[in-house]
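S.K.: Give me a 3D structure for the following:
(2 chains)
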There are 2 protein chains.
Amino acid sequence: MMKYSEMSREELLALKKELDQQFAEIKAQGLSLDMSRGKPGTDQLDISMGMMDVLANHADLKCETGVDCRNYGVIDGIPEAKRLLGDMSEVDPDHIIIYGNSSLNVMFDTVARSMTHGVMGHTPWCKLDKVKFLCPVPGYDRHFKITEFFGIEMINVPMLSTGPDMDMVEKLVSEDEAVKGIWCVPKYSNPQGITYSKETVERFARLKPAAPDFRIYWDNAYSIHHLYDDNQDFLVEILGECAKAGNPDIVYKFTSTSKVSFPGSGIAAVAASKANLEDFRKYMQIQTIGHDKLNQLRHVRFFKNLEGLHAHMRKHADLIRPKFEMVIDTLDKELSGLGIGEWTKPHGGYFISFESMEGCAKSIVSKAKEAGVVMTGAGATYPYGKDPKDSNIRIAPTYPTTEELEAAAKVFVLCVKLASVEKLLAE
Amino acid sequence: MMKYSEMSREELLALKKELDQQFAEIKAQGLSLDMSRGKPGTDQLDISMGMMDVLANHADLKCETGVDCRNYGVIDGIPEAKRLLGDMSEVDPDHIIIYGNSSLNVMFDTVARSMTHGVMGHTPWCKLDKVKFLCPVPGYDRHFKITEFFGIEMINVPMLSTGPDMDMVEKLVSEDEAVKGIWCVPKYSNPQGITYSKETVERFARLKPAAPDFRIYWDNAYSIHHLYDDNQDFLVEILGECAKAGNPDIVYKFTSTSKVSFPGSGIAAVAASKANLEDFRKYMQIQTIGHDKLNQLRHVRFFKNLEGLHAHMRKHADLIRPKFEMVIDTLDKELSGLGIGEWTKPHGGYFISFESMEGCAKSIVSKAKEAGVVMTGAGATYPYGKDPKDSNIRIAPTYPTTEELEAAAKVFVLCVKLASVEKLLAE
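M.R.: You can find the predicted model right below:
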């Protein structure tokens, strides 16, 4: 293998000719493949079909306290659902509120509430000249879109292999009162699959924010979403760390069963200090009469307990592990040693992150599209859709079938090669 | 029957003695009854149990366009759900967005969005010195709590037998740019059971607001909630009227199946002009990845179509009509001609509204509580919980069993008599 950067112009031109030929052949196949969405495959949905049966045939629809889940009442979740999502979040059920079908919706509402009503009695953000959020990059596009929607200034913080650059986080949070939050996907992060190290979590817990209403938005979306039984990442539980550090109110922890049961038909939860939950409840009791308790009951009846959740997640892992491995194998086989990209090998979550040569991501995604393979838009993993190096691409391997994925991965590596050669020739 | 107001002091004292005696006897029974909540009875919930079965046994979970309802996708509702709730709302499915389990939540979010982002490009309300809403009174407490929560000034507008006092509405809306909305429950209103007349709806449609971002919050919560087959109220469809009047964007129409299927586990919808829906979608696509499509499918599979909804509502009516009639009979029998109260005889909805002598409502509710009967708090039907005449009481007859309701109604009329006598004696 020769690094592309060490090739002569002639060698690059010869290579380009060969790659152009391959690209033309692939285009002629008229593929229509999609590696853009963190969406479970149909086979994954099938393993949850039992959920549709657990409340059927005139099942008793009372929760354990005797409340009829078919009627109004119980604003913040039935006890058994709090226990299930509490166990999943490694938090006492007393520190849990159960929400509707979307944790993203809860995060949105939390920012919205902070804008109009402030955090625990502090000035509403809409009354401030400037509100800023730290955004570890690359990160989750839907987080960034929320803060963008509310006109909150986003500051990029580089992700390291241990999590966000904590020197930078500590400095910005302690020096600037306008910094009101940080978006985190602390386990099997979107898109890199990085799990924050023990030290990172401890440093988060010990932050000394200039703003008393600064909060860590800890989106633990992939807490139990391991790919391997014997090679799992471990994330220190942050609520406990924050309490120990005398910072109990600094974090909101979000979770949901969207990629456990059915996306869009799961249940979501927030774990936080009692003072924070009080703040959430004040808003909630005006906003709604209550969330769907039958769906809460459906989840508890189906999964029963944490062990049930883990057993279920092993079934998911068995279905998606081969997909992850196949993409990574293709990248390893086709791109190793060429110096034109790096990629992550996550132990869980939903994504593989690809880092191309600078200035190539858009070109790769556009070529892939030309060849019939839809990728997540280049730049999507950065605030405002602007990847300063134009190098990050998120690969979502779960939704296509293995056959589709194999074809798509081949297209992808070809596009990486072609875009890199073109870039080098243009220099 | 002699009017209490025509009784001599001696007669009143004698009556009070007798009523005190009855009150003491009832108190001794240690009742524990609840007429406070617009909550279906258990028998009503039972008629929807089939909903839990329609998606069971490996049913096909695709919607009619082939989208797998178990997965992400389809932000604003599956087509068959839009059609079902469109039919229920008497609006074309193209003018419908399907939401989650609570139309109250949609109304809250709509006000929240108007605060932070404004209505269709107009100045966000949080940037204005003053925002006002008109509140037909008595009305729905949860509406008023939303506007109170956002610091919106509420102006009482008296309800007439035809709906809100439209002279007053027209004047306030056309003269004051700070008036941005009005809360309406146009059919079988909460709490009076009044349906707005044709003229009222037409005058709403022809409003000429000073504020271009003024909107009618048309909460059609009881659109198909008739008590009688042969004695139904008819409400003119407002979206069509507004379009005809050249005012297509002036109204948001909200509805849900909360009191059709299961409260808390229903589906909600907004009907509005396409320009308004565009505004809703802009917000929605940031706020959530989508609502629970399986629950949408569950509703469509169970109810099938508008005829199915109507057939189902007739079952509800059969269960709750006797309860309404029993309360009204008790009021008629016990209070007619005494000049100490008036009450409505609605043809649908969930409530009976009782108007006591001025200054008696709190006393009646407090006495009822003392005797073991919980009523909706006096004042709850007015903004800020302040009923200026202290006279309106909302009676919710659906949740108790008929036996409980009979006992509760007797307690109630006794408390009305006692409070009225005390009031007259104190004058």
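S.K.: going forward, measure contacts and count neighbours with C-alpha atoms only.
M.R.: OK.
S.K.: Which single residue of the stretch 301-427 of chain A ends up nearest chain B?
M.R.: residue A:399 (10.2 Å; CA to the nearest CA).
S.K.: what kind of secondary structure is that residue in?
M.R.: Following DSSP: H, G, I helix; E, B strand; the rest coil, we place residue A:399 in the coil state.
S.K.: how about the residues of the stretch 151-300 of chain A that lie near chain B?
M.R.: Neighbours of chain B within the stretch 151-300 of chain A, by CA under 8 Å from any CA of the partner chain: A:262-265, A:286-295.
S.K.: if we can go back for a sec, ok, and the closest non-adjacent residue to the residue of the stretch 301-427 of chain A closest to chain B?
M.R.: Spatial nearest neighbour of residue A:399, excluding adjacent residues (CA to CA, 6 or more residues apart in numbering or on different chains): residue A:41 at 4.2 Å.
S.K.: Skip ahead from the top helix by length along chain A and say which helix or strand is next.
M.R.: If you go by DSSP state H, chain A has its longest helix at helix A:306-335. Where DSSP states H and E defines the elements, the next helix or strand beyond helix A:306-335 is strand A:341-343.
S.K.: what's in contact with the next helix or strand after that following strand?
M.R.: Sequence-wise, the next helix or strand downstream of strand A:341-343 (DSSP H and E) is strand A:352-356. Strand A:352-356 has contacts (CA atoms under 8 Å, 6 or more residues apart in numbering or on different chains) with A:191-193, A:324, A:340-346, A:361, A:391-397, A:416.
S.K.: could you give the angle of the helix or strand following strand A:352-356 to strand A:352-356?
M.R.: Sequence-wise, the next helix or strand downstream of strand A:352-356 (DSSP H and E) is helix A:361-370. Angle, helix A:361-370 to strand A:352-356, by axes from the mean of the first three to the mean of the last three CA atoms, to 10 degrees: 120 degrees.
S.K.: mean confidence for the helix or strand just after helix A:361-370?
M.R.: Next helix or strand after helix A:361-370 toward the C-terminus (DSSP H and E): strand A:373-374. What strand A:373-374 shows for mean pLDDT is 96.
S.K.: Can you tell me the strand partners of strand A:373-374 and which way each runs?
M.R.: strand A:33-34 (parallel) (DSSP bridges).
S.K.: how about the helix or strand just after the strand it pairs with: buried residues?
M.R.: Next helix or strand after strand A:33-34 toward the C-terminus (DSSP H and E): helix A:42-46. By 16 or more other CA atoms under 10 Å in any protein chain shown, the buried positions in helix A:42-46 come out as A:44, A:45.
S.K.: Which among the contacts of strand A:352-356 count as buried?
M.R.: Using 16+ other CA under 10 Å as the threshold, A:191-193, A:324, A:340-343, A:345-346, A:361, A:391-397, A:416 are the buried ones among the contacts of strand A:352-356.
S.K.: Regarding chain A, what is its longest strand?
M.R.: Ranked by residue count, the top strand of chain A under DSSP state E comes out as strand A:153-160.
S.K.: elements contacting whatever helix or strand comes next after that one?
M.R.: Following strand A:153-160 in sequence order, the next helix or strand is strand A:163-164 (DSSP H and E). On a contact count with 3 or more CA pairs under 8 Å, 6 or more residues apart in numbering or on different chains; DSSP states H and E, strand A:163-164 meets no helix or strand.
S.K.: starting at the chain centroid, how far to strand A:163-164?
M.R.: Distance, stretch centre to chain centre, for strand A:163-164: 14 Å (CA atoms, centre = their mean, to the nearest Å).
S.K.: returning to that earlier point: the longest helix of chain A close to chain B?
M.R.: No. For helix A:306-335, no contact with chain B is found by CA under 8 Å from any CA; the gap never falls below 14.4 Å.
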